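In: fold the following.
(chains A and B)
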Amino acid sequence: MLEVSELCVSYGAIAALRGISLKVEHGSIVTLIGGNGAGKTTTLRTISGLLRPKSGKVTFLGENITRLPAHKIVARGIGHVPEGRMIFSNLTVAENLAMGAYLRTDKAAIARNREYVFGIFPRLKERLRQTAGTLSGGEQQMLAIGRALMGEPKFLMLDEPSLGIAPRLISTIFEKIVEINRDRKIAVLLVEQNANLALEISGYAYVLETGQLSMDGASADLRKNPQLKAAYLGG
Amino acid sequence: MTEFLQQLLNGLSLGAIYALIALGYTMVYGVLRFINFAHSDVFMVGAFIGYFVGSHLPQGTVWGGLTALAAAMAGCAILGIVIERLVYRPLRGGPTLNVLITAIGMSLFLEYTGQLVFGATPRAFPSIFPAKVIAVHGLIISLNQVIVIVVSAVLMIALQLAVFRTKLGTAMRAVALNPKAAQLVGVNIDVVISFTFGLGSALAAAGGVLYALNYPSIDPLMGVVPGLKAFVAAVLGGVGNIPGAALGALILGMVETFVDGSRWSTYKDAIAFAILIGILLFRPAGLLGRFTAEKV
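Out: Numbering: from 1, shown residues only, chains lettered A, B, ... in the order given. From the prediction side, this is the model:
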């Protein structure tokens, strides 16, 4: 479904990604793990068009989307839940969700998607008229995911959904990611520092180290890998 | 008491004009985080369009006046969009200072092109609206003042509806809050930025025509002083904040009018800038603005 090949991205003179290639198949959950500054966020931002690569190619459903502007990439069916959630803090929860459906015109479909979002995150329904900035970290993450779902993506990228939220909510969020993947047949690319959790819910994993892939394989295998255990899984 | 009401009315109409200009400053700042110094000259161009169109229409009719007003607004909306497209957009993504300096350059370009094309001599603005004066209990109300207040109120309500009730308006607020996130839900920020410039410039043009109506002479440098005052008003209300700009402008218009009517009238203009300094010292985020740390 998504294929990234030999992607190179740099910030000025500093190379952030040095030729990475990865693949996400229909209906799968793939995770990209790695430490701080490894280039995980850069990878997602380049796929969604917020950053321009120096070289390399991004193909989505057979189409080369490397040079498309971000709003056109969204229109192709790629949803991106960005790092730090980036909800519209001064807008209400309802307005945030409406913004998620910015490119959708079918009113009935929008209403259906809203009901689906409320189904997985009932909390959002209770807080509909509330300003998004007043939500808790976990609720903001739910809103960010809900907002992305309102765009009816075929493929969803999540950047550190566990960051800065209450530990008891982390497992809920991960369960919901699995549920979304299963129910809506949305392929997922998950970026996480919490490698244990990410490997648990994903089928395939890539390990990113300072702008290059150092390892990849089935998540179940990587969980047993002694090198990875030492580096990311807390021994 | 009559004196007080009279000044209140004068202040209200002056404040309404400042508000129309201040809104453009504040909207562009909200979306792009820079002060468009050429905005006050778009105001001037608006007055000139009103002058040329108004001179070809029958004088002293409401429809003629409104036509001149609409022509100025449409012309300046296009001008604002073109300026952004040709001058500011290529610099987007670069340091803010570059675009700020370019805005000053654009301002000078419009002023001196104006002098070249229209000449530097002030021209008398035609009385495009019916010139009537009504006296109520000693209170002198000119129809022009009423028009200024009514037109400004209608435009500000329309703006409020456009920003809070339409999809593009919501997108504009979303871009102001977080341009990256707005792109990730599919907002084309180029369209939003053009819309913002168009809207702001149209309001400034309306301000230009209404200003020219009440201070009936126009020249290519006429935008400088009201532009600065409107900028002060935007800062006073909290730059980037739409209701703040309107509030700041009304306060400034009132204060200026009352000072003008007192024995300190010589210091009328100094007051505006004293307010600016005071705000920057004591409440830098403005009356309705919230102070947020600038992300680097």
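
In: could you list the low-pLDDT ranges of the stretch 151-296 of chain B?
Out: B:290-296 (pLDDT under 70).

In: what about 90?
Out: B:214-216, B:238-243, B:260-296 (pLDDT under 90).

In: residues of it that sit close to chain A?
Out: Counting by CB under 8 Å from any CB of the partner chain, the stretch 151-296 of chain B comes close to chain A at B:167, B:170-171, B:173-174, B:177-178, B:180-189. Just so you know, the C-beta spots here come from the backbone N, C-alpha and C atoms, and that holds for glycine as well.

In: and residue A:80, what helix or strand is that in?
Out: strand A:78-81 (DSSP states H and E).

In: packing partners of whatever helix or strand comes next after that strand?
Out: As assigned by DSSP H and E, the chain's next helix or strand after strand A:78-81 is helix A:93-100. If contacts are counted by 3 or more CB pairs under 8 Å, 6 or more residues apart in numbering or on different chains; DSSP states H and E, helix A:93-100 sits against helix A:137-150, helix B:167-177.

In: can you tell me the closest non-neighbouring residue to residue 176?
Out: Here I'm looking at chain A. Spatial nearest neighbour of residue A:176, excluding adjacent residues (CB to CB, 6 or more residues apart in numbering or on different chains): residue A:120 at 5.2 Å.

In: you looked at the wrong chain, it should be chain B
Out: Spatial nearest neighbour of residue B:176, chain neighbours left out: residue B:30 (4.1 Å); criterion: CB to CB, 6+ apart.

In: mind listing what the one you found touches?
Out: Shown in contact with residue B:30 (CB atoms under 8 Å, 6 or more residues apart in numbering or on different chains): B:172, B:176, B:196, B:240-242.

In: next one: residue A:151
Out: Neighbours of residue A:151 in contact, by CB under 8 Å, 6+ apart: A:74, A:79, A:100-104, B:185-186.

In: in a markdown table: these, plus neighbour count.
Out: Shown next, in a markdown table, are the contacts of residue A:151 (neighbours: other CB atoms under 10 Å in any protein chain shown):
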| residue | neighbour count |
| --- | --- |
| A:74 | 26 |
| A:79 | 25 |
| A:100 | 30 |
| A:101 | 23 |
| A:102 | 22 |
| A:103 | 16 |
| A:104 | 16 |
| B:185 | 26 |
| B:186 | 21 |
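
In: now tabulate those residues in JSON lines and tack on distance to residue B:78.
Out: Output for these, formatted as JSON lines (distance: CB to CB, whole Å):
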{"residue": "A:74", "distance to residue B:78": "29"}
{"residue": "A:79", "distance to residue B:78": "36"}
{"residue": "A:100", "distance to residue B:78": "32"}
{"residue": "A:101", "distance to residue B:78": "31"}
{"residue": "A:102", "distance to residue B:78": "26"}
{"residue": "A:103", "distance to residue B:78": "27"}
{"residue": "A:104", "distance to residue B:78": "31"}
{"residue": "B:185", "distance to residue B:78": "28"}
{"residue": "B:186", "distance to residue B:78": "26"}
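
In: from those residues, which is closest to residue B:133?
Out: residue A:102 (50.5 Å; CB to CB).

In: tell me the secondary structure for that closest one?
Out: coil (DSSP: H, G, I helix; E, B strand; the rest coil).

In: ok, it to residue B:185 distance?
Out: 5 Å (CB to CB, to the nearest Å).

In: now the helices for the stretch 151-296 of chain B?
Out: B:167-177, B:179-184, B:189-214, B:224-237, B:242-260, B:268-282 (DSSP state H, counting those that start in this stretch).

In: list of residues touching the last one?
Out: Yep, that's helix B:268-282 we're talking about. So helix B:268-282 is contacted by B:225, B:228-229, B:232, B:235-236, B:252, B:255-256, B:259-260, B:286-287 (CB under 8 Å, 6+ apart).

In: that one: which residues count as buried?
Out: B:268, B:271-272, B:275-276, B:279 (16 or more other CB atoms under 10 Å in any protein chain shown).

In: which one of those is nearest chain A?
Out: residue B:279 (21.9 Å; CB to the nearest CB).

In: re earlier: hmm, which of the residues of the stretch 151-296 of chain B next to chain A are the buried ones?
Out: B:170-171, B:173-174, B:177-178, B:180-189.

In: and stretch B:238-245, how far apart are its ends?
Out: 7 Å (CA to CA, to the nearest Å).

In: for chain A, what lies in contact range of chain B?
Out: Residues of chain A lying near chain B (CB under 8 Å from any CB): A:48-50, A:69-71, A:74-75, A:79-80, A:82, A:86-91, A:95, A:98-100, A:102-103, A:147-148, A:150-151.

In: list buried residues within these.
Out: A:48-50, A:70-71, A:74-75, A:79-80, A:82, A:86-89, A:91, A:95, A:98-100, A:102-103, A:147-148, A:150-151.
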